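Trainee: Mind looking at a prediction? Sequence and model below.
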Amino acid sequence: MEERNELYPVFLKVNKLNILVVGGGQVGHEKLHFLFKSSPNAKVEVVAKWFLPETEELAKKHGAKLTKGRYRRKYLKNRHFVIAATNDAKLNKRVYKHAKKRYLLANIADTPELCDFYMGGIVNKGHVKIAISTNGKSPTAAKRLRQFFEEVIPENVNQMVENLNEYRSNIKGDFEAKVDQMNSITESLKVKNKSDD
């Protein structure tokens, strides 16, 4: 039987959640960069013994708090999830264990078995956002798929979404009737499969 990706995709309002990133090096910077690329107002604190200059610059630009020092369990208080991105595997594992005791979601960089979630490839065009996951198997494939979707999704997709949203708010009838009307309007957006011919 073919292996399946059983991840459940969600879109988190990270501007309303408290996030802790442990690690100020290259991997920590990368995680922080992708968080802010997707959600510039994410509420993040980064704790590390030292920070790359570009991490300090990124944090300042987006209002993230930088805490210089060793990771302590107390930093998990009032968090919704944690990302451990240090080059110390023992420390990363300790962060994971502490998170699990508090029922927090954790992402331990480069350790799929210690991840409750992955930070996949993201395509962002206005209101349209597509998340891509390879089940932690190939970040390179996710990157290539992201590049593909960025090219094929039209630049005016945001206007289409706005127009449909306005139309939806003016439709009369119950929920089911509205869904039926929206489905018929958007029918032309479906991609035809060769098997449909």
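Mentor: Sure thing, it's come through.

Trainee: quick one, phi psi at residue 69?
Mentor: When read as degrees, to the nearest 10, the backbone of residue 69 gives phi 150, psi -180.

Trainee: Could you check how far it is from residue 94?
Mentor: Per C-beta to C-beta, to the nearest Å, residue 69 is found 15 Å from residue 94. All C-beta spots, glycine's among them, are computed from the backbone N, C-alpha and C.

Trainee: Mind checking which of those two has more residues around it?
Mentor: Neighbours were counted for residue 69 and for residue 94 using other C-beta atoms under 10 Å; residue 94 has more, 15 against 9.

Trainee: ok, the more buried one - contacts?
Mentor: Neighbouring residues of residue 94 by C-beta atoms under 8 Å, 6 or more residues apart in numbering: residue 71.

Trainee: Please save the CA atoms from the strand or helix carrying it in CSV.
Mentor: Element membership for residue 94 (DSSP states H and E) is helix 89-101. What follows is helix 89-101, C-alpha atoms only, in CSV (Å, rounded to 0.1, in the frame of the first residue of the first chain):
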residue,chain,number,x,y,z
ALA,A,89,20.6,18.0,19.5
LYS,A,90,20.3,17.4,23.3
LEU,A,91,19.0,20.9,23.8
ASN,A,92,16.5,20.6,21.0
LYS,A,93,15.3,17.3,22.5
ARG,A,94,14.9,18.9,25.9
VAL,A,95,12.8,21.7,24.4
TYR,A,96,10.6,19.0,22.9
LYS,A,97,10.2,17.1,26.2
HIS,A,98,9.3,20.3,28.0
ALA,A,99,6.8,21.3,25.3
LYS,A,100,5.1,17.9,25.5
LYS,A,101,4.7,18.2,29.3
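
Trainee: what does the next helix-or-strand element following it rub up against?
Mentor: Using DSSP H and E, the helix or strand that follows helix 89-101 towards the C-terminus is strand 105-108. Strand 105-108 is contacted from outside by 31, 80-84, 92-93, 95-96, 99-100, 114-119, using C-beta under 8 Å, 6+ apart.

Trainee: List only buried entries from the residues you listed.
Mentor: When the contacts of strand 105-108 are checked for burial by 16 or more other C-beta atoms under 10 Å, the buried set is 31, 81-84, 92, 95-96, 99, 114-115, 117-119.

Trainee: helix/strand/coil for residue 41?
Mentor: Classification of residue 41 using DSSP: H, G, I helix; E, B strand; the rest coil returns coil.
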